[in-house]
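Trainee: got a structure for you, letters missing:
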């Protein structure tokens, strides 16, 4: 275990705290001589707490996770989900009635406005004030450390919000001496957590998923499309649906601000396979395609390459209850392959509410905040590299690219706008897929697979083992991103001219090529060149565990 003060260097964001430069190479930073002993201790506590929110010591770099202990101090106890400020269950029923009306969650940012100027997002003045506040008269612990330890304990064991609220109330009113400064409620405790940065956006959504009430619709009381109320019945403040957006860019900045994480973010530079055997994403054709197509992007090794995974889960683990919540998780492929899918490094970016499942017409609506952030990331944002010793190299322009999506086949159809059932259900062949309806089986049969074999293959000439015919046709042309976009525009034009009851009509172009709509992924400038989806069947227990750890 590396202590927080051993992870610092002169270019860390902790340099914002008052301390003198190191006395030599390998030595620990010294406290500012202008501070007395007590103030120096307070500053050290802040350094420890701040660095704890950048730590990953519960993840073994060899690929094994160790179990965090709550009794080893803040530096050992911070759970991996706490690093992203997502470790606490979110509820709209916390605090008193007045608190809920004023602010449902202290970690919440209404709308989509975020302060992107400070890469660390840490309120150092507020933290310094908190560490100077003892838990009670004569206590060796301060208010901030005690609150963090309690919250980490509750997060580690996944206790409900009501228990956390009662725990703080019990400690404050019964166990601790009178006049103690421990927060009285869970709500007050999370107010302290807000000063550590990494908040999330709470965006009201239409009950049918027609739109998000943000930007020009932020103050609208009803949906401009379906004209249904934004709020529940008999209320003007409680929304029907709330989409929670966890901004991606501040978390990438926070990762680069930590020395050890910044070094891991550049693992791919020397991690490419030497024997041309694919062992990680770095060795893939997609990685080389990006390098060749966008050399300016590949020139900066610190630019990130991401993957998007999403699927619907029932968070209540009750199969008799119809409820579908959709987490959208980003994976960082700059990291070593044994860390990419660790819970610590998987970044929850959107939490699409239930209970109804996401359907084809509203998937793009819910993904809009993330797509806008990916567009901003492609243009570039200022970032500080904590692993660089040279002051000229520590500040750089961070850019990012979405390589592909990872999902099962039904979710593939939702995010790609492609038909995944029926006669044109092959997203690779598109209009060239060969199908036949079997009356006996009452199913569609997908034929013509021998077209993908080499021309001299013996199976192409066999009759008895197949449909009684030889197949010497050349392989079908694969549908490209430009083809998808052309077919989507064609169907959109058809919909505009057949607005009245267009569904199911035989003249619908979707019956010819299988493309239902233009997906919002085409708003990314690089997605028009190459469309890449990875089909992956995600087990229910895996996604449920991700949601549990992230919430």
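Mentor: In hand now; what should we look at? Bear in mind the structure is a predicted one, so any value in this text is a computation, not a measurement.
Trainee: which of the residues in stretch 309-318 are buried?
Mentor: In terms of neighbour count (16 or more other CB atoms under 10 Å), stretch 309-318 has its buried residues at 309-315. In short, each C-beta sits where N, CA and C put it, glycine included.
Trainee: Distance of residue 171 relative to residue 195?
Mentor: Residue 171 sits 21 Å away from residue 195, going by CB to CB, to the nearest Å.
Trainee: whoops, I mixed them up, residue 241
Mentor: As judged by CB to CB, residue 241 and residue 195 stand 29 Å apart.
Trainee: Over to residue 233?
Mentor: According to CB to CB, residue 233 stands 37 Å off from residue 195.
Trainee: With neighbour numbers in mind, choose between the two.
Mentor: Set side by side, residue 233 and residue 195 show more neighbours around residue 195, with 18 against 7, by other CB atoms under 10 Å.
Trainee: so what's the more buried one scoring on pLDDT?
Mentor: Note on residue 195: pLDDT of 74.
Trainee: Is it correct that it falls within a helix?
Mentor: Yes: Residue 195: assigned to a helix according to DSSP: H, G, I helix; E, B strand; the rest coil.
Trainee: Residue 129 is in contact with that one, correct?
Mentor: No: counting by CB atoms under 8 Å, residue 195 sits too far from residue 129 to count as a contact (9.3 Å).
Trainee: doesn't residue 487 fall inside a helix?
Mentor: Yes: assessed with three-state DSSP, residue 487 lies in a helix.
Trainee: Excluding chain neighbours, what is closest to it?
Mentor: Of all residues not flanking residue 487 in the chain, residue 515 sits nearest, at 3.8 Å (CB to CB, 6 or more residues apart in numbering).
Trainee: residues contacting that neighbour?
Mentor: 417-419, 430, 484, 487-488, 491, 509 (CB atoms under 8 Å, 6 or more residues apart in numbering).
Trainee: any idea how far it is from residue 522?
Mentor: Distance, residue 515 to residue 522, by CB to CB: 12 Å.
Trainee: Over to residue 494?
Mentor: From residue 494 to residue 522 the distance is 18 Å (CB to CB).
Trainee: same thing with residue 212?
Mentor: For residue 212, the distance to residue 522 equals 19 Å [CB to CB].
Trainee: what do you get for residue 220?
Mentor: Distance, residue 220 to residue 522, by CB to CB: 27 Å.
Trainee: between the two, who's got more neighbours?
Mentor: More crowded of residue 220 and residue 522, by other CB under 10 Å: residue 522, with 17 against 14.
Trainee: Run a quick check on that one versus residue 487, I expect a contact.
Mentor: No: using CB under 8 Å as the test, residue 522 is too far from residue 487 to be in contact (12.0 Å).
Trainee: Show me what the helix or strand encompassing residue 369 is packed up against.
Mentor: Secondary structure from DSSP states H and E places residue 369 in helix 363-379. Judged by 3 or more CB pairs under 8 Å, 6 or more residues apart in numbering; DSSP states H and E, the packing partners of helix 363-379 are strand 200-205, strand 241-245, helix 249-257, strand 304-310, strand 326-332, strand 347-352, strand 400-407, helix 409-416.
Trainee: Identify whichever of these lies nearest to residue 436.
Mentor: Set against residue 436 and scored by CB to CB, these come closest in helix 409-416, at 20.4 Å.
Trainee: Can you tell me what sits against that closest one?
Mentor: Residues from elsewhere that reach helix 409-416 (CB under 8 Å, 6+ apart): 310-312, 358-360, 363, 367, 405, 407, 418-421, 427, 484, 519, 521, 531, 533, 535, 537.
Trainee: quick revisit: quick one: contacts of the helix holding residue 369?
Mentor: Outside helix 363-379, the residues that touch it by CB under 8 Å, 6+ apart are 112, 201, 203, 205, 209-212, 214, 243, 245, 247-249, 252, 304, 306, 308, 326, 328, 349-350, 352, 358, 398-402, 414-415, 517, 519-521, 523-526.
Trainee: how much does it deviate in direction from strand 241-245?
Mentor: Between the axes of helix 363-379 and strand 241-245, defined by axes from the mean of the first three to the mean of the last three CA atoms, to 10 degrees, the angle is 20 degrees.
Trainee: buried set for helix 363-379?
Mentor: For helix 363-379, a neighbour-count test (16+ other CB under 10 Å) marks 363-371, 373-374, 376-378 as buried.
Trainee: how much space between residue 262 and residue 125?
Mentor: Note on residue 262: its distance to residue 125, by CB to CB, is 26 Å.
Trainee: which of those two has more neighbours?
Mentor: The neighbour comparison of residue 262 against residue 125 (other CB under 10 Å) goes to residue 262, with 22 against 9.
Trainee: And that one, how far from residue 176?
Mentor: With CB to CB as the criterion, residue 262 and residue 176 are 40 Å apart.
Trainee: likewise residue 408?
Mentor: Counting by CB to CB - residue 408 and residue 176 are separated by 50 Å.
Trainee: all strands for the stretch 401-550 of the chain, in order.
Mentor: Along the stretch 401-550 of the chain, the stretches classed as strands by DSSP state E, counting those that start in this stretch are 434-438, 443-447, 533-535.
Trainee: tell me the angle of the first one relative to strand 443-447?
Mentor: Going by the same axes, to 10 degrees, strand 434-438 is angled at 150 degrees with respect to strand 443-447.
Trainee: What residues sit buried inside stretch 156-164?
Mentor: Buried residues in stretch 156-164, counted by 16+ other CB under 10 Å: 156, 161, 164.
Trainee: Can you tell me which of those comes closest to residue 477?
Mentor: Among those, residue 156 lies closest to residue 477 (CB to CB), at 53.3 Å.
Trainee: roughly how far apart are that closest one and residue 149?
Mentor: For residue 156 relative to residue 149 (CB to CB), the value is 11 Å.
Trainee: Quick one: buried ones out of the contacts of helix 409-416?
Mentor: 310-312, 358, 363, 367, 405, 407, 418-420, 427, 484, 519, 521, 531, 533.
Trainee: Residue 436 is in contact with residue 444, isn't it?
Mentor: Yes: counting by CB under 8 Å, residue 436 touches residue 444, with 7.3 Å between them.
Trainee: Who has more neighbours out of the two?
Mentor: residue 444 (15 against 11).
Trainee: Look up how far residue 414 lies from the nearest residue to that one once chain neighbours are set aside.
Mentor: For residue 444, ignoring the flanking residues on the chain, the nearest one in space by CB to CB, 6+ apart is residue 435 at 5.2 Å. Going from residue 435 to residue 414 by CB to CB gives 22 Å.
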